[in-house]
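Student: turn this into a structure:
(one chain, ligands or ions: 2)
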Amino acid sequence: VQIDVKPGGDVSAINLASNGVIAVAILTTDDFDAAMVDASTVVFAGAAAVQSALEDVDGDGDLDMVLHFRVQETNLAEFYAELLAGDSDADRQSVSLILEGQTVNDEVFAGEDFADLFLAGNALRELLDELAAAGLL
Ligand SMILES: [Ca+2]
Ligand SMILES: [Ca+2]
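Tutor: Ligands and ions are numbered 1, 2, ... in the order given. Predicted structure coming up:
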């Protein structure tokens, strides 16, 4: 299925130090009706959704499902730390993110979108210090 991490912007950048939520839209297409998604089954980057709503996020006249995930409940910080250990000059790491779930009819679906993960300032310095102390840089 088609998903859109942080719908609305061109570049989806996720600040891993955030205590907020990431919005991910599951888009309704000719082949898929997002209203059929069972939001309680959806997993994104290791996290379950804390909120879901039907909304036309792409403005094409049909309702899409928008789910919210808490940044701190995802596994993105660990993922980012691994990537940073391999490429410590890049404080922005581009990744492919997968969302999986089931419809109310028990059909399994998955979608993929791309986003930039980043940390800045103290949060970035602390992680680099941790990686260095662990001998990973
Ligand atoms: Ca996006
Ligand atoms: Ca729509």
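
Student: my guess is residue 43 meets residue 108, correct?
Tutor: No - counting by Cβ atoms under 8 Å, residue 43 sits too far from residue 108 to count as a contact (11.4 Å). Glycine gets a C-beta too; all of them are placed from N, C-alpha and C.

Student: report the set of residues contacting both of those two.
Tutor: Common contacts of residue 43 and residue 108, defined by Cβ atoms under 8 Å, 6 or more residues apart in numbering, comprise 100, 101.

Student: which residues sit in contact with residue 38?
Tutor: 101, 102, 103, 104.

Student: which of those residues tops the neighbour count?
Tutor: residue 101 (23 neighbours; other Cβ atoms under 10 Å).

Student: doesn't that residue belong to a strand?
Tutor: Yes - under DSSP: H, G, I helix; E, B strand; the rest coil, residue 101 falls within a strand.

Student: the more surrounded of residue 43 and residue 108?
Tutor: Neighbour count, other Cβ under 10 Å: between residue 43 and residue 108, residue 43 has more, with 15 against 9.

Student: list the buried ones in the lengthiest helix in the chain?
Tutor: Counting residues, the longest helix found in the chain (DSSP state H) is helix 121-133. Across helix 121-133, burial judged by 16 or more other Cβ atoms under 10 Å covers 124, 127, 128, 131.

Student: again, but for stretch 11-29
Tutor: So for stretch 11-29, counting by 16+ other Cβ under 10 Å, buried means 12, 14, 16, 17, 21, 22, 23, 24, 25, 26, 27, 28.

Student: you'd agree the first one is up against residue 116?
Tutor: Read it as residue 12. Yes - between residue 12 and residue 116 there is a contact under Cβ under 8 Å: 6.9 Å.

Student: ranges for the strands of this structure?
Tutor: Taking DSSP state E as the test, the strands found in the chain are 3-5, 13-15, 21-26, 43-44, 47-48, 51-55, 64-70, 92-102, 108-118.
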